[in-house]
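Student: I would like to see how this sequence folds:
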Amino acid sequence: MQIRRGATVALAALTAGLLTGVFPGPAVAAATPTATPLPLTQVADVVSAGDRVFVSGGRSSTDVVVTSATGALVGTLAGLPGPTDLLLSADRQTLYVALPSANAIAAFDTGSLIESARYDTGVGECPSSLALTGRYLWFGYGCDQWGGNIGRIDLGRQPARLSTGVASEDFYYAPLLAAASQNRTVLLAGQPGLSPASVYAYGIGAGGTLTTLRTNEFSAVGSNLRDIALDPTGATLYTAAGSPPLVQAFPFAEIASPSATYATGPYPRAVELSRTGTRIAAGADAAYNPDVFVFAADGTEQARFELGDELSPGGLAWSPNEARVYAVTSDWTGARPATLHVLPVPAT
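Tutor: Prediction:
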């Protein structure tokens, strides 16, 4: 496996935020949301390291845009071939960027914005989704139909060791991955692009071996899966699919019927849990209705927001202190710039 070091950091000018609509649920949002146009036409993912927010431009882009916590543009990670999924280390000091166009994963220092490593994924072509459990960096990959699987990079070895084809299942497309921040023994994979959709629960054994524990009951997840998440303990999984018109929660131990649901309206696109797992951000593709909702774990709605454009699949992120939700939108025609929405949420 090849590791390359060094990358260009291009600074960008500051920009002012624009207003976006907020519709209070039972609780009222703490402050006015803002919207910052980005130097991107499409967006793939967003993550928050606390003082900095990172937004990737997707397979047709070469940039990851960097902003402050309030959405002001501060820089760009430039010259990256098709950056898609983004992932932060547990200490938020390293940003991992999936580069499916280069069959690689890049690592950046979130403070200096300097590339610290690049991992060649070899035959694990088109790595598109990332997850981290301790020393193991997982990636869902696949360029062709029924060519998808899961790869693993053992960061505890020097040099890091690559393994591919570690799942017993083949996936139609590159699978979506999710890990639990407080449980290094489980991994969740979702199959996008098929109806009905499916998710797979894995146990992580010695040496990073994957054992299939279970999959969902037929049609329980719905169709056109767009996003998945795990709570910090790995006890509950969450799905956002085109149908049904709500985000669903399932026990990780038995993916048969939902243990809770969160109403978003038609075509859910994203689900993201807060750091403590006590709050859920959920988003949908709503043309004229609120796009983003904040719920307590028991399903109580705490806030809702109208973004005024199309929420990207998986395009939500919590700030570590749970004071903000970040949402990314884009115009599918590319006629308008993509936008980062900073959504202040009420305190618990």
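Student: helices along the stretch 51-200 of the chain, start to end?
Tutor: Using DSSP state H, counting those that start in this stretch, no helices are found in the stretch 51-200 of the chain.
Student: mind listing the strands in it by residue range?
Tutor: All strands of the stretch 51-200 of the chain, identified by DSSP state E, counting those that start in this stretch, fall at 52-56, 64-68, 73-77, 86-88, 94-99, 104-109, 115-120, 129-133, 136-141, 149-154, 161-163, 176-180, 183-191, 198-204.
Student: now do the buried residues in stretch 78-90.
Tutor: Residues of stretch 78-90 classed as buried under the neighbour-count rule (16 or more other C-beta atoms under 10 Å) are 80, 82-88. No exception for glycine: its C-beta is placed from N, CA and C like everyone else's.
Student: for those, which one is nearest residue 253?
Tutor: Each of the buried residues of stretch 78-90 was scored against residue 253 by C-beta to C-beta, and residue 87 proved nearest at 25.5 Å.
Student: confidence score at that closest one?
Tutor: At residue 87, the model reports a pLDDT of 98.
Student: how about the contacts made by the residue nearest to residue 231 when sequence neighbours are not counted?
Tutor: Spatial nearest neighbour of residue 231, chain neighbours left out: residue 277 (4.2 Å); criterion: C-beta to C-beta, 6 or more residues apart in numbering. Residue 277 is in contact with 231-233, 297, counting by C-beta atoms under 8 Å, 6 or more residues apart in numbering.
Student: highest neighbour count among these?
Tutor: Compared across those, residue 231 has the highest neighbour count, 23 neighbours, by other C-beta atoms under 10 Å.
Student: for that residue, give its distance to residue 138.
Tutor: Per C-beta to C-beta, to the nearest Å, residue 231 is found 18 Å from residue 138.
Student: repeat for residue 75
Tutor: Distance from residue 75 to residue 138, by C-beta to C-beta: 28 Å.
Student: neighbour count: these two, which is higher?
Tutor: residue 138 (27 against 17).
Student: excluding chain neighbours, what is closest to that one?
Tutor: That would be residue 131: by C-beta to C-beta, 6+ apart, it lies 4.4 Å from residue 138.
Student: ok, back up a step: for the residue nearest to residue 231, phi and psi?
Tutor: Main-chain dihedrals, residue 277, degrees, to the nearest 10: phi 80, psi 10.
Student: neighbours of the closest residue to residue 250 other than its chain neighbours, how many?
Tutor: Setting aside the residues directly before and after it, residue 250 is nearest to residue 237 in space (C-beta to C-beta, 6+ apart), at 5.3 Å. The burial count assigned to residue 237 is 26, neighbours taken as other C-beta under 10 Å.
Student: model confidence for residue 237, exactly?
Tutor: Residue 237 carries a pLDDT value of 98.
Student: give the next helix or strand downstream of the particular helix or strand that has it in it.
Tutor: Element membership of residue 237, judged by DSSP states H and E, is strand 236-243. Next helix or strand after strand 236-243 toward the C-terminus (DSSP H and E): strand 246-251.
Student: would you agree residue 261 is in contact with residue 247?
Tutor: Yes: proximity of residue 261 to residue 247 meets the contact threshold set by C-beta atoms under 8 Å, at 7.0 Å.
Student: neighbour count winner among those two?
Tutor: It is residue 247, of residue 261 and residue 247, that has more neighbours when counted by other C-beta under 10 Å, with 28 against 14.
Student: residues in contact with the more buried one?
Tutor: 238-240, 261-262, 264, 268, 271, 280, 282.
Student: hey, what's it bridged with?
Tutor: residue 262 (DSSP bridges).
Student: any stretches of this structure with poor pLDDT?
Tutor: Residue ranges of the chain with pLDDT under 70: 1-30.
Student: residue nearest the centroid of it?
Tutor: residue 314 (5.1 Å; C-alpha atoms, centre = their mean).
Student: name the nearest of the buried residues of stretch 78-90 relative to residue 96.
Tutor: residue 87 (4.4 Å).
Student: before we move on, back to that, how many residues are close by the residue nearest to residue 138?
Tutor: 23.
Student: tell me which residues touch the nearest residue to residue 209 once chain neighbours are set aside, please.
Tutor: In space, and not counting its chain neighbours, residue 209 is closest to residue 166: 7.4 Å by C-beta to C-beta, 6+ apart. Residue 166 sits next to 149-152, 208-210 when contact means C-beta under 8 Å, 6+ apart.
Student: now with 6 Å?
Tutor: By C-beta atoms under 6 Å, 6 or more residues apart in numbering, the contact set of residue 166 is 150, 152, 210.
Student: just send the residues you listed back as TSV, with distance to residue 127 and neighbour count too.
Tutor: Output for those, formatted as TSV (distance: C-beta to C-beta, whole Å; neighbours: other C-beta atoms under 10 Å):
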residue	distance to residue 127	neighbour count
150	10	29
152	11	26
210	16	21
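Student: can you add distance to residue 104 and give those back as CSV?
Tutor: What follows is the contacts of residue 166, written out as CSV (distance: C-beta to C-beta, whole Å):
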residue, distance to residue 104
150, 16
152, 15
210, 22
